[in-house]
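Chemist: got a structure for you, letters missing:
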């Protein structure tokens, strides 16, 4: 057996995605025998060359009857959500790059159908799985032993997990029993399974708080049946291992009415009735009587109709919101989003000469105050705050702006030090040489003369000097400072004693 093993899909550019029809693990889950032979040649006085042989049996194991929740990256449609999902095939994304192909669908033929996943998604409509439905086709998930999995009882078709698998009473597994004819009607064919799973590699740079793997490698399983519109649906993740001869189109002999499947997980969602496509809705806005700026205006009631200011504000897209000021006062202010029914004029509380059009140092600069009504307009200040939070939530951008600010501050400090040094050097040269033309060479040369010592260089301060001069200015009197210096006392200890007094 020889598989092309992909451990690193390579560099994926921003906005790009790589697709793989399957990812073969180095070894599928199975029992293996490792054999090593060694022959030592040209051994003096040994007769025949010594030969050594060692055999080691090993088992490669992996997920089979249970999946860890941490291995699931995302679900679609989202669990317990309602939306326009009727035209979308349910799918599940795994963090494990090769999970759907880590096990062979036929336990007795691990080298055949290597591109065929051992798991799959079934889509069930509400009437097909609800306990109260008269047309129910599936049993409630139940926990049984692995021996009951392969020996379920009369009329139930079990999976064929290999001649050596008999199960035991200690290992438990969750199973469902499905009507056999119904299962074969909704299940994919064996040759279709390989098209219902794939792997992908994406660029995860800048992805924050998304629980995404650093390498951006994922695997997917996709259902083969669209959800039923206007009802609840269930996406059922099951194991097809041992059922390679029981899928859609297969001929089954025997008096079986149900089939037993390993239940790996399931979730419910609601697909709403949505018979209007986006294009039709947009075109309908252009019809007479439809559309207009009223679609993005807050409705005007009778009380608002009598207030001209409130009526005008609502017409141009504003809404009145309660907010808490910095001083703790509750106030009513106007707010609007970026989508407005009329042209806007960008203003703030700052005059034109002080940067009325930004940039703003902080959000309060973008506030607008109406002295006639006494109401603030927080539209731009809220947008400023949202923009800042969105920018800082991007880890790569936040790191970049932090580095830029640090470098900029460092350059300012260096420039200030350089100006101070050159000014000091120039003053020395003027004093020693006289009023001659100054240049960089003469200023630098003075550094290597006796006048070098005349520069007032910053001296390293001791910890005690830093505390007395920089950290605690005005705390100690001159006499107390003198006592601390003479007695070599600790300023912090002296301050502690002073506070206790």
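Modeler: Received the coordinates, thanks. Because the structure is predicted, anything quoted here is derived from the model rather than measured.

Chemist: Could you list the domains of this protein?
Modeler: 17-39+59-271, 293-392, 402-500 (automatic domain parsing).

Chemist: taking the mean pLDDT, what do you get for the second one?
Modeler: Right, domain 293-392. The average of the pLDDT scores along domain 293-392 is 78.

Chemist: Just the buried residues of stretch 29-39, please?
Modeler: 29-30 (16 or more other Cβ atoms under 10 Å). Quick note: C-beta positions are derived from backbone N, CA and C, even for glycine.

Chemist: how about the helices of the stretch 251-400 of the chain, start to end?
Modeler: Counting by DSSP state H, counting those that start in this stretch, the stretch 251-400 of the chain has helices at residues 278-284, 302-305, 308-315, 379-392, 395-433.

Chemist: Determine which stretch of the domains of the chain is the most buried.
Modeler: Ranked by mean neighbour count, those are led by domain 17-39+59-271 with a mean of 17 (mean count of other Cβ atoms under 10 Å).

Chemist: Isn't residue 55 up against residue 35?
Modeler: Yes - the criterion here is Cβ atoms under 8 Å, and residue 55 meets it with residue 35 at 5.2 Å.

Chemist: so which of the helices of the stretch 251-400 of the chain comes closest to residue 482?
Modeler: helix 395-433 (30.9 Å; Cβ to Cβ).

Chemist: Return the list of helices and strands in contact with the closest one.
Modeler: Packed against helix 395-433 by the contact rule (3 or more Cβ pairs under 8 Å, 6 or more residues apart in numbering; DSSP states H and E) you find helix 379-392, helix 440-445.

Chemist: what about stretch 140-148, how long is it end to end?
Modeler: 16 Å (Cα to Cα, to the nearest Å).

Chemist: per-residue confidence averaged over that stretch?
Modeler: On average, stretch 140-148 scores 94.

Chemist: How far off centre is it?
Modeler: 36 Å (Cα atoms, centre = their mean, to the nearest Å).

Chemist: Equivalent analysis for stretch 236-246, please.
Modeler: Per Cα atoms, centre = their mean, the centroid offset for stretch 236-246 relative to its chain is 32 Å.

Chemist: roughly how far apart are residue 158 and residue 73?
Modeler: Using Cβ to Cβ, to the nearest Å, one gets 31 Å for the distance from residue 158 to residue 73.

Chemist: Just name the shakiest helix or strand of this protein by mean pLDDT.
Modeler: helix 440-445 (a mean of 52; mean pLDDT, DSSP states H and E).

Chemist: quick one on the thing from earlier: by mean pLDDT, show me the worst of the domains of the chain.
Modeler: domain 402-500 (a mean of 68).

Chemist: now stretch 362-371: how far from the chain's centre is it?
Modeler: 35 Å.

Chemist: do the same with stretch 82-91
Modeler: Distance, centroid of stretch 82-91 to centroid of chain: 22 Å (Cα atoms, centre = their mean).

Chemist: which residues are contacting it?
Modeler: 75-77, 121, 123, 220-229, 233, 235, 269-274 (Cβ atoms under 8 Å, 6 or more residues apart in numbering).

Chemist: Sort out which of these are in strands and list them.
Modeler: Among these, the members found in strands (DSSP state E) are 75-76, 121, 123, 220-222, 233, 235, 269-271.

Chemist: any idea which helix or strand carries residue 147?
Modeler: helix 146-150 (DSSP states H and E).

Chemist: same thing with residue 34?
Modeler: Going by DSSP H and E, residue 34 is part of strand 30-39.

Chemist: Also residue 88?
Modeler: Applying DSSP H and E, one finds residue 88 in no helix or strand.

Chemist: Use 323 as the first number for this chain going forward.
Modeler: Sure, I'll start counting at 323 from here, so that last one is residue 410.

Chemist: Check which helices and strands the helix holding residue 469 sits against.
Modeler: So helix 468-472, by 3+ Cβ pairs under 8 Å, 6+ apart, packs with strand 494-501.

Chemist: Specify the next element, helix or strand, located C-terminal of the strand it packs on.
Modeler: With DSSP H and E, the next secondary element past strand 494-501 is helix 502-508.

Chemist: Go ahead and name everything in contact with that following helix.
Modeler: Against helix 502-508 from outside (Cβ under 8 Å, 6+ apart): 444-446, 450, 459, 479, 546-547, 568-572, 574, 578-581, 583.

Chemist: can you rerun that using 6 Å?
Modeler: Residues from elsewhere that reach helix 502-508, judged by Cβ atoms under 6 Å, 6 or more residues apart in numbering: 459, 547, 570, 578-581.

Chemist: about what we covered before: please state the offset of the strand holding residue 356 from the chain centre?
Modeler: That offset, for strand 352-361, works out to 43 Å (Cα atoms, centre = their mean).

Chemist: Quick one: name whatever helix or strand follows it.
Modeler: By DSSP H and E, the next helix or strand past strand 352-361 is strand 373-382.

Chemist: Sheet partners, orientation included, of that following strand?
Modeler: Partners of strand 373-382 in the sheet, by DSSP bridges, are strand 352-361 (antiparallel).

Chemist: rewinding a little: reformat the domains of the chain as a markdown table; add distance to residue 602.
Modeler: Formatted as a markdown table, the domains of the chain follow (distance: least, Cβ to Cβ, whole Å):
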| stretch | distance to residue 602 |
| --- | --- |
| domain 339-361+381-593 | 13 |
| domain 615-714 | 16 |
| domain 724-822 | 48 |
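
Chemist: looking at those, which is closest to residue 605?
Modeler: domain 615-714 (14.6 Å).

Chemist: how far does that closest one sit from the chain's center?
Modeler: 32 Å.

Chemist: and if you look at stretch 482-501?
Modeler: So, by Cα atoms, centre = their mean, the centroid of stretch 482-501 is 36 Å from its chain's centroid.

Chemist: for stretch 342-350, same thing?
Modeler: 25 Å.

Chemist: what about it, start to end distance?
Modeler: 18 Å.

Chemist: and what of stretch 400-409?
Modeler: This stretch, stretch 400-409, spans 15 Å end to end (Cα to Cα).

Chemist: what's the answer for stretch 438-453, then?
Modeler: 33 Å.

Chemist: next one: stretch 431-447
Modeler: 34 Å.

Chemist: got the contact list for it?
Modeler: Contacts to stretch 431-447, defined as Cβ under 6 Å, 6+ apart, come from residues 323, 344, 350, 352, 412, 422-423, 425-427, 515-516, 519, 543, 545, 547, 549-550, 556-559, 561-563.

Chemist: Repeat that for stretch 550-563.
Modeler: 408, 412, 427, 440-448, 451, 549, 583-584, 586-593, 595.

Chemist: And for stretch 358-368?
Modeler: 371-376.

Chemist: With neighbour count and pLDDT as new columns, can the residues you listed be given to me in JSON lines?
Modeler: Formatted as JSON lines, the contacts of stretch 358-368 follow (neighbours: other Cβ atoms under 10 Å; pLDDT from 0 to 100):
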{"residue": "371", "neighbour count": "10", "pLDDT": "78"}
{"residue": "372", "neighbour count": "11", "pLDDT": "83"}
{"residue": "373", "neighbour count": "9", "pLDDT": "86"}
{"residue": "374", "neighbour count": "9", "pLDDT": "89"}
{"residue": "375", "neighbour count": "9", "pLDDT": "92"}
{"residue": "376", "neighbour count": "9", "pLDDT": "94"}
